[in-house]
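For reference, the sequence and a predicted model appear below.
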Amino acid sequence: MRIKINGKAEEIEAKTVLELLRAKEIEPQMVSVELNSTIVDREAYSTTSLNEGDRLEFLFFMGGGEGRQS
Amino acid sequence: MEFNDEQIQRYSRHIILPEVGGKGQKRICQAKILIIGAGGLGSPAALYLAAAGVGTIGIIDGDVVDLSNLHRQVLHHTSDVAHPKVFSARDKMLAINPDVKVVTYYERLTAVNALSILNAYDIILDGTDNFPAKFLINDASFFAKKPLIHGGILRFDGQIITIRPGQSACYRCIHRQPPPNGLIPTCQEAGVLGVLAGVIGTIQATEALKLILGIGHPLTDRWLIYNALTAQFRTARVKRQTHCPLCGDRPTITELIEYDQAVCEI
């Protein structure tokens, strides 16, 4: 099926969010996934199915430019 | 407040902008901004906000300058190594603009001191490096009802979002909780292109000035991602989540949480 990932159209075989992350070799704990404007609960990655035309955003954790705490 | 001749000259390129004018410059001169972290992101933000004449700039950081900081933390000079970052930061800001009042906090932001410090400011700018701090700042800004400008950098990527607590998506709408310790590499482990801190920290300062002036469109509900290698900016639309544990309809977080501080010298 064809979906949009981070703004780019892609043809994918994965049926669920978790399958897609595995196919892309993305560790599920290091990314938040937004599916059609709703953030998917991490616990639901394996049960959230993907459908034709879905819009997906991978939002990664990113730290900062600092010294220790801040 | 009335400007003297020197101030009119100093801020003339602002005042001449119709969107700023004398009125806007006065708002800048009366604004109070808290910069959390006097590091890579805090450096350009502090320098530009001081230059812009922001009336009160608070800066909090419990760290001292290390030689490995200097490739991106442009507030600090080689002679500042081993000195507290907040005092180095204060000296540079006052050297640029002696009109600015700088308040230094030589300590870490904690669940204990966060609200009393944040309450004294209009806008919060997150220049921290680690996730426990970023979540603490997001939550404290929500409880204190202060707009927050979030920034992050790693390797060749940077991200920014402006958060109006209770109105636009917060950091927890996107990331429910910090990642497990050690999973996300720090800048120390993975590296960071020094100039990236300048790009992202400067955009954070821009957002702060826009909020003060009430002009343009704030970066709310938009997750701005910059990649230095492709020289591309991308905006991911994000929404406030009704099931956000902090700002959602049935919040489960009702007080500040201090997560374990993995020591990550970014």
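Alright, I've got the coordinates.

Would you confirm that A:E34 belongs to a helix?
No - if the criterion is DSSP: H, G, I helix; E, B strand; the rest coil, then A:E34 is strand and not within a helix.

number of nearby residues for it?
If you count neighbours by other Cβ atoms under 10 Å in any protein chain shown, A:E34 ends up with 23. Backbone N, C-alpha and C define where each C-beta goes, glycine included.

pLDDT weak spots in chain A?
Applying pLDDT under 70 to chain A flags residues A:64-70.

What helix or strand is the closest residue to chain A within chain B located in?
Minimum separation of chain B from chain A (Cβ to the nearest Cβ) falls at B:G40, amounting to 2.0 Å. Assigned by DSSP states H and E, B:G40 belongs to no helix or strand.

Same question for the one 3 residues further on.
If you go by DSSP H and E, B:S43 is part of helix B:42-51.

Name whatever forms a beta bridge with the residue nearest the centre of chain B.
In chain B, the C-alpha closest to the average C-alpha coordinate belongs to B:L125, at a distance of 2.3 Å (Cα atoms, centre = their mean). When assigned by DSSP bridges, B:L125 has beta-bridge partners B:I35, B:I149.

do the same with B:I163
Beta-bridge partners of B:I163, counted by DSSP bridges, are B:L148.

Count the neighbours of it for me.
Using other Cβ under 10 Å, B:I163 has 30 other residues around it.

Report the contact partners of the nearest residue to B:I200 once chain neighbours are set aside.
For B:I200, ignoring the flanking residues on the chain, the nearest one in space by Cβ to Cβ, 6 or more residues apart in numbering or on different chains is B:G158 at 3.8 Å. Residues in contact with B:G158 (Cβ atoms under 8 Å, 6 or more residues apart in numbering or on different chains) are A:62, B:151-152, B:196, B:199-200, B:225-226, B:228.

can you check B:A205 too?
By Cβ under 8 Å, 6+ apart, the neighbours of B:A205 are B:44-45, B:48-49, B:52, B:125.

hmm, try it at 10 Å
Counting by Cβ atoms under 10 Å, 6 or more residues apart in numbering or on different chains, B:A205 touches B:33, B:35, B:41-42, B:44-52, B:54, B:125, B:149, B:151.

what's the burial count for B:E107?
The number of residues near B:E107, taken as other Cβ under 10 Å, comes to 14.

Please apply the same query to B:I16.
Neighbour count of B:I16, defined by other Cβ under 10 Å: 10.

swap in A:A9?
9.

A:R2 is in contact with that one, correct?
Yes - using Cβ atoms under 10 Å, A:A9 is in contact with A:R2, at 6.0 Å.

Quickly list what's touching both of the two.
Common neighbours of A:A9 and A:R2, using Cβ under 10 Å, 6+ apart, are A:G53.

Just name the shakiest helix or strand of chain B by mean pLDDT.
Counting by mean pLDDT, DSSP states H and E, chain B has its least confident helix or strand at helix B:187-190, which shows a mean of 72.

need the contact list for the closest residue to A:S46 other than its chain neighbours.
Sequence neighbours aside, A:L18 is the residue nearest to A:S46 in space, at 4.2 Å (criterion: Cβ to Cβ, 6+ apart). By Cβ under 10 Å, 6+ apart, the residues touching A:L18 are A:28, A:33, A:40, A:42, A:44-48.
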